[in-house]
Every structure is written in structure tokens, then in C-alpha cells.
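In: Got a predicted model here, sequence first, then my questions.
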Amino acid sequence: MYKRILVCTDGSRLAQRAAQDGVKLAEALGARIVVLLVTPPFEPPSGYETSPLAAQIRQHGRESKEMAARFLGAIARDAKARGVPCKEMHVGKYPPASTIVDTATSERCDLIVMGSHGHGALGQLLIGSVTTRVVATCSVPVLIVRPRVRSEKR
């Protein structure tokens, strides 16, 4: 059924949990995963080395790479432990939704797994939703992992 699954993360607790679910699904299906983290691009202008902002530019690059290594590495370790082949991708490109769709296409993925906080229609109107944009613009099926709701004791 699904042979190549794109697992998206932004490093949040929900995204990392969705990634764990994606790894488990890949294990059950005998599929491969491509795990993706999209961060803001930051392309310094030529000659930036002499700018007063040069240190911040270098720091942004280091921190983006470190964050990607931490979050992608955790998912890759989980995949390896479960015997799931995994390709890690850190892409510095915005907007994230179109980057996810482009990656799903270029990597020939047949399913996307990602988390969504489910802010509702008004919340999506006000703050937007990467997941909503991916679903609206991608022909690849999307498995959306929602936050777990704690049941009340009666």
C-alpha cells in the first residue's frame, strides 16, 4: 500500500508524537520514511562577513542545523531501532506547506504524516495552518495526528 512515507516535524511535542506514529506505521507496512524539518531560510547577502550582524547570521545557521539534527536524529534513531529505512532532510525554505508538498513530490512519497493542533476554522483564519494548506494543495494522502484528549473521570 504505502511504500514511502513523508514524516514532517517542526520539533513540537505533537509533531514528534506524529513522527513516532509515522515510524510505527512504516514498520507495520514495511515502508521507508523520509523525515522532514522545514526552517526559515536565511541567506546572508554577499559581503556579510564585514557586517555588524555577521555573528548573528552565523549563530542562526548553527542553531538551525543543531535543532534539525536534534529533532530529526530522534526520529531517525526510533526508525533505526524499528528497522525502518530513514532519510533525514532539513530544508531552509518557506513557506513550509509548499516545501512539504514539493518534498513529497520530489521524494516520490505516497503518504504524508503530520500533526495538527486543530485550532478550528477561526483559529486557522487568524493564525493559519500548515496542515490545512498541505491538505488543500497536495495530491498525496495526508494522515493527520491530533493531540490526545484526556478523558474525564465520571
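Out: The structure has been received and is ready for your questions.
In: Please make it C-alpha for all contacts and neighbour counts, starting now.
Out: OK.
In: Check which element follows the helix or strand of the chain with the lowest mean pLDDT along the chain.
Out: Sorted by mean pLDDT, DSSP states H and E, the helices and strands of the chain end with helix 120-127, the least confident at a mean of 49. Later in the chain than helix 120-127, the nearest helix or strand by DSSP states H and E is helix 130-137.
In: quick one: buried residues of that following helix?
Out: Val130, Thr131, Arg133, Val134, Val135 (16 or more other Cα atoms under 10 Å).
In: quick one: which of those is nearest Arg148?
Out: Thr131 (17.1 Å; Cα to Cα).
In: residue contacts, the closest residue in space to that closest one that isn't next to it in sequence?
Out: If the residues on either side of it in the chain are set aside, Thr131 comes closest to Ser116, at 6.3 Å by Cα to Cα, 6 or more residues apart in numbering. Residues in contact with Ser116 (Cα atoms under 8 Å, 6 or more residues apart in numbering) are Leu14, Ala15, Thr131, Ile144, Val145, Arg146, Pro147.
In: which strands and helices sit next to the longest helix that the chain contains?
Out: Longest helix of the chain, by residue count under DSSP state H: helix 54-81. Secondary-structure packing of helix 54-81 (3 or more Cα pairs under 8 Å, 6 or more residues apart in numbering; DSSP states H and E): helix 13-29, strand 32-39, strand 86-92.
In: now these as JSON lines including distance to Val7?
Out: Shown next, in JSON lines, are these (distance: least, Cα to Cα, whole Å):
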{"stretch": "helix 13-29", "distance to Val7": "6"}
{"stretch": "strand 32-39", "distance to Val7": "5"}
{"stretch": "strand 86-92", "distance to Val7": "10"}
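In: what's the closest of the ones you listed to Ser64?
Out: Of the helices and strands packed on helix 54-81, nearest to Ser64 by Cα to Cα is strand 32-39, at 7.1 Å.
In: The closest one: partners in the sheet, and parallel or antiparallel?
Out: Partners of strand 32-39 in the sheet, by DSSP bridges, are strand 4-9 (parallel), strand 86-92 (parallel).
In: in the last one, what's buried?
Out: Of the residues in strand 86-92, those scored as buried under the neighbour-count criterion (16+ other Cα under 10 Å) are Cys86, Glu88, Met89, His90, Val91, Gly92.
In: Can you check which of the helices and strands packed on helix 54-81 gets nearest to Asp78?
Out: Among those, helix 13-29 comes nearest to Asp78, with 7.4 Å by Cα to Cα.
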